[in-house]
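K.L.:
Here you go, sequence then predicted model.
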Amino acid sequence: MQRNTIISVLAAVVVVGGAVWYFSGAPGTATDTTTTTSSETSTGVVGATVSYTEAGFSPMLAQVKVGTAIKFVNNSSKALRIVSVRGTVAAGVTDPGFDSGKSIGNGASWVYTPTIAGQWDFKNLDDDSHVGTLIVTAQ
């Protein structure tokens, strides 16, 4: 009985530690003014900014409302191509996914404006180990 309790506690510590590690992103750095823009909102409002550094995306979890832009900024020396890899949307709704369409260099950025609510995992297509999550809520 005591052995099962110890194993359960250790498993919980590993799960919590893994979640803390996963959701703690590397700190961002200063951005350059060079910008490559995809689709921007009509108001030009950016609801969240995700920085990409040598360590990956920061923050790793971003949330915006439908119609509010999210800006991805490349603050690394690596190439960055943002693509969604999996999405969860309402039943009967086509998952549009997202893709920056090309790699962006250091100091450049890409802006995406979601049109439906849902949750998407995304990654750097040029480095599959760097991932994040975008949650889009209804207005």
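P.N.:
Nice, I can see it. Numbering: from 1, shown residues only.
K.L.:
Please count neighbours and contacts with C-alpha atoms only from this point.
P.N.:
Fine.
K.L.:
Would you mark the buried spots in the longest strand along the chain?
P.N.:
Secondary structure of the chain per DSSP state E: the longest strand is strand 127-137. Neighbour-count burial for strand 127-137 flags His130, Val131, Gly132, Thr133, Leu134, Ile135, Val136, Thr137 (criterion: 16 or more other Cα atoms under 10 Å).
K.L.:
Am I right that the first one is in contact with Glu54?
P.N.:
Pointing back at His130 there. No. Using Cα atoms under 8 Å, His130 is not in contact with Glu54, being 9.3 Å away.
K.L.:
which stretches of this structure form helices?
P.N.:
2-23 (DSSP state H).
K.L.:
Switch the buried residues of strand 127-137 over to JSON lines, and while doing so, append distance to Thr68 and pLDDT to every line.
P.N.:
What follows is the buried residues of strand 127-137, written out as JSON lines (distance: Cα to Cα, whole Å; pLDDT from 0 to 100):
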{"residue": "His130", "distance to Thr68": "24", "pLDDT": "96"}
{"residue": "Val131", "distance to Thr68": "21", "pLDDT": "96"}
{"residue": "Gly132", "distance to Thr68": "18", "pLDDT": "96"}
{"residue": "Thr133", "distance to Thr68": "16", "pLDDT": "95"}
{"residue": "Leu134", "distance to Thr68": "12", "pLDDT": "95"}
{"residue": "Ile135", "distance to Thr68": "12", "pLDDT": "94"}
{"residue": "Val136", "distance to Thr68": "9", "pLDDT": "93"}
{"residue": "Thr137", "distance to Thr68": "10", "pLDDT": "93"}
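K.L.:
Dump those residues into CSV; add distance to Gly92 as well.
P.N.:
Formatted as CSV, the buried residues of strand 127-137 follow (distance: Cα to Cα, whole Å):
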residue, distance to Gly92
His130, 30
Val131, 27
Gly132, 25
Thr133, 22
Leu134, 20
Ile135, 19
Val136, 17
Thr137, 17
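K.L.:
Out of those, which is nearest to Ile70?
P.N.:
Leu134 (9.0 Å; Cα to Cα).
K.L.:
Quick check: closest non-adjacent residue to Val50.
P.N.:
Excluding the flanking residues, the one nearest Val50 by Cα to Cα, 6 or more residues apart in numbering is Phe72, at 4.8 Å.
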